[in-house]
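Asker: Fold the following and give me the result.
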Amino acid sequence: MMALENQLPVPRVHAGRVAAWFGYTKRFPQIDLLVKIITHGVPVAVDGGGDLGAALQYGNHRSIIPYEGNILCKIADDVRLGRAFVFPRDAADRIPGLRVSPLGVTVSPSKIRIIHDLTFETSAPGVNADTDFSSAPPCKLGHVLRGIIWRILHLRRPSVTPTRILLSKMDVKDAFRQIPVEWAHCPLFGYAFRDLVVVDRRLQFGWRNSPGFWCLFSAALEHAHVHTTFRNAVVTPFGQAVTSHVTVSEPAEGECPVPLPPGYLVPPGDGGGAAKPFFTRMYVDDAVLVEPQCSPVGDRCVRASQSMGSDHGRLLGERQAGDPPLLAPEKVSSWHTRLEVLGWELDTVAMTISLPQGKFGQLRELLAGWPRERRSAPESELRSLMGKLLHVCEVVRPGKFFVRRMLNQLGMLPVQAWHERVRGPGGGDRASSSRSHVRLGGEFHDDLSFWRLMALI
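Answerer: Numbering: from 1, shown residues only. Purely as a prediction, here's the structure:
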């Protein structure tokens with residue numbers, strides 16, 4: 001396999017150049033682990049051997065039946081790009097360390113997503129249950145929105161000459177698929193389809209450690225960007241190409257930014273001048289950029305996009321003609337004063353954060369599944385409900401009181417304590433992870449009525 005690695009047609013990333021740019025130039029603190037993963041792949045800490053015979057007999061979930069053509073296209077693309085290897089099904093028992101997990105398909109209005117179900121269990125635990133969760137870097141995403149808002153407030157502070165504050169975002173296409181796993185452990189991510197067994201060589205969307213390892217890469221991108229200024233940015237031809245469509249929006253007629261209230265305490269921060277660093281916050285694979293328009297043409301904003309695009313190419317490999325895009329044009333936005341970001345709508349002129357209209361419809365649909373007559377629910381389903389309501393709490397601040405009351409009434413732990421119970425202090429799963437069902441009382445539905453009122457149900 002090691003001889004084959006140098007012949008794969010996937011975009012190759014030069015570890016020495018990554019070390020020079022992100023390590024020596026930008027001083028990324030975790031550069032050693034980053035370079036190790038680029039060189040050898042993500043380490044996969046999975047114990048146990050699974051039940052290969054039972055997994056092969058089960059095959060895949062029924063949800064794939066209408067989308068078998070999509071799966072064939074996926075296999076063909078992955079093989080062409082060196083992201084997977086294909087073997088005859090009858091050779092499965094001769095592949096060292098092979099574990100087979102089923103595929104499933106979920107469909108949303110925007111895309112068809114093929115998911116490798118690594119939680120699936122037969123007579124033996126699934127890959128996710130056997131994974132050492134503590135072996136992945138932590139995902140530190142809790143203060144992303146707060147950082148973005150503080151940046152906007154800092155640029156709007158009264159002591160600064162009034163200027164337009166512009167927002168942009170970029171999103172890596174198929175982010176987890178950009179990161180390889182160690183050669184010795186890629187058979188752990190196998191699946192069967194028809195008369196084939198496919199061994200996947202990339203991070204899996206369904207693997208519990210994928211977000212942590214991807215966040216190491218996004219942390220490197222964020223670190224490099226916030227240590228770059230308009231003057232010292234080094235833009236590559238790739239960075240220029242992937243952002244060639246990016247523009248700065250024209251001011252609306254009568255556009256007048258809302259000032260901050262007198263005496264408002266503005267968070268500390270930098271930004272604005274040519275010598276000041278750029279700003280971004282990364283939420284998994286989404287980068288949100290916030291910059292002032294320092295000139296009529298907005299050259300600082302455009303340079304920030306070009307610099308971020310260049311760093312994506314340095315870290316994840318520049319694409320050539322015929323390669324799947326790293327940053328598709330629809331994933332890289334132009335600069336606006338109003339933009340939907342991470343599920344919220346930010347407006348730097350009105351100085352507001354709001355829930356997009358489409359989210360209100362989703363909230364109504366969600367709450368319709370919780371009628372007052374409902375008396376029990378799985379704890380996992382309740383966790384999902386609470387998470388979505390907490391997301392809305394960013395714009396409906398009193399809602400946190402009602403969510404906390406519901407958690408207390410149901411005897412449910414806060415999120416951090418719940419994860420400690422489920423995974424154990426060392427990160428491994430415990431046998432009894434959660435209750436199967438939780439009883440719902442009248443007080444729960446009374447508190448849920450607050451949300452029905454907010455959603456106008």
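
Asker: For this protein, which residue occupies the most central location?
Answerer: Most central in the chain under CA atoms, centre = their mean is Val284, positioned 3.2 Å from the mean C-alpha point.

Asker: mind listing what it touches?
Answerer: Listed by CB atoms under 8 Å, 6 or more residues apart in numbering, the contact set of Val284 reads Cys139, Leu141, Ala175, Pro211, Trp214, Cys215, Ser218. To be clear about C-beta, it is placed using only N, CA and C from the backbone, and glycine gets the same treatment.

Asker: Same list, the residues you listed, but as a markdown table with neighbour count please.
Answerer: As requested, the contacts of Val284 are exported to a markdown table (neighbours: other CB atoms under 10 Å):
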| residue | neighbour count |
| --- | --- |
| Cys139 | 16 |
| Leu141 | 15 |
| Ala175 | 20 |
| Pro211 | 20 |
| Trp214 | 23 |
| Cys215 | 21 |
| Ser218 | 23 |
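
Asker: Tell me which of those residues fall in helices.
Answerer: Per DSSP state H, helices hold the following members of those: Pro211, Trp214, Cys215, Ser218.

Asker: Let me know the closest of those to His312.
Answerer: Closest approach between those and His312, by CB to CB: Ser218, at 10.2 Å.

Asker: The closest one contacts Met282, doesn't it?
Answerer: Yes - applying CB atoms under 8 Å as the test, Ser218 and Met282 come out as touching, 4.0 Å apart.

Asker: Count the neighbours of Leu103 for me.
Answerer: Neighbour count for Leu103, taken as other CB atoms under 10 Å: 23.

Asker: for Cys301, same thing?
Answerer: 28.

Asker: can you list the weak-confidence ranges in the stretch 51-200 of the chain?
Answerer: Applying pLDDT under 70 to the stretch 51-200 of the chain flags residues 142, 159-160.

Asker: Just grab the bridge partners of Val86 for me.
Answerer: Judged by DSSP bridges, the bridge partners of Val86 are Val198.

Asker: residues contacting it?
Answerer: With contact taken as CB under 8 Å, 6+ apart, Val86 is in contact with Ile75, Val79, Leu196, Val197, Val198, Val199.

Asker: Make TSV out of these and add distance to Pro187 and neighbour count.
Answerer: Output for these, formatted as TSV (distance: CB to CB, whole Å; neighbours: other CB atoms under 10 Å):
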residue	distance to Pro187	neighbour count
Ile75	16	20
Val79	16	14
Leu196	14	15
Val197	9	23
Val198	10	21
Val199	5	20
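
Asker: what's the most distant pair in those residues?
Answerer: Greatest spacing in the contacts of Val86, by CB to CB: Val79 and Val197 (12.7 Å).

Asker: and which of the contacts of Val284 is nearest to Pro102?
Answerer: Among these, Pro211 lies closest to Pro102 (CB to CB), at 21.1 Å.

Asker: Sketch out the low-pLDDT regions of the stretch 201-350 of the chain for me.
Answerer: Looking at the stretch 201-350 of the chain by pLDDT under 70, you get 269-274.

Asker: now the helices: where do they sit in it?
Answerer: Along the stretch 201-350 of the chain, counting by DSSP state H, counting those that start in this stretch, helices occupy 210-226, 237-242, 299-316.

Asker: Pick the most deeply packed of those helices.
Answerer: Most buried of those by mean neighbour count (mean count of other CB atoms under 10 Å) is helix 299-316; its value is a mean of 24.

Asker: Distance from the chain centre to that one, please.
Answerer: Relative to the chain's own centre, helix 299-316 is displaced by 19 Å; criterion: CA atoms, centre = their mean, to the nearest Å.

Asker: Let me know the angle separating it from helix 210-226.
Answerer: Angle of helix 299-316 versus helix 210-226, following axes from the mean of the first three to the mean of the last three CA atoms, to 10 degrees, is 140 degrees.

Asker: Which secondary structure elements does helix 299-316 sit against?
Answerer: Contacts defined by 3 or more CB pairs under 8 Å, 6 or more residues apart in numbering; DSSP states H and E place helix 299-316 against helix 15-18, strand 165-171, helix 210-226, helix 237-242, strand 286-292.

Asker: now those in CSV, with distance to Gly190?
Answerer: CSV is the format used below for the helices and strands packed on helix 299-316 (distance: least, CB to CB, whole Å):
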stretch, distance to Gly190
helix 15-18, 27
strand 165-171, 29
helix 210-226, 16
helix 237-242, 33
strand 286-292, 30
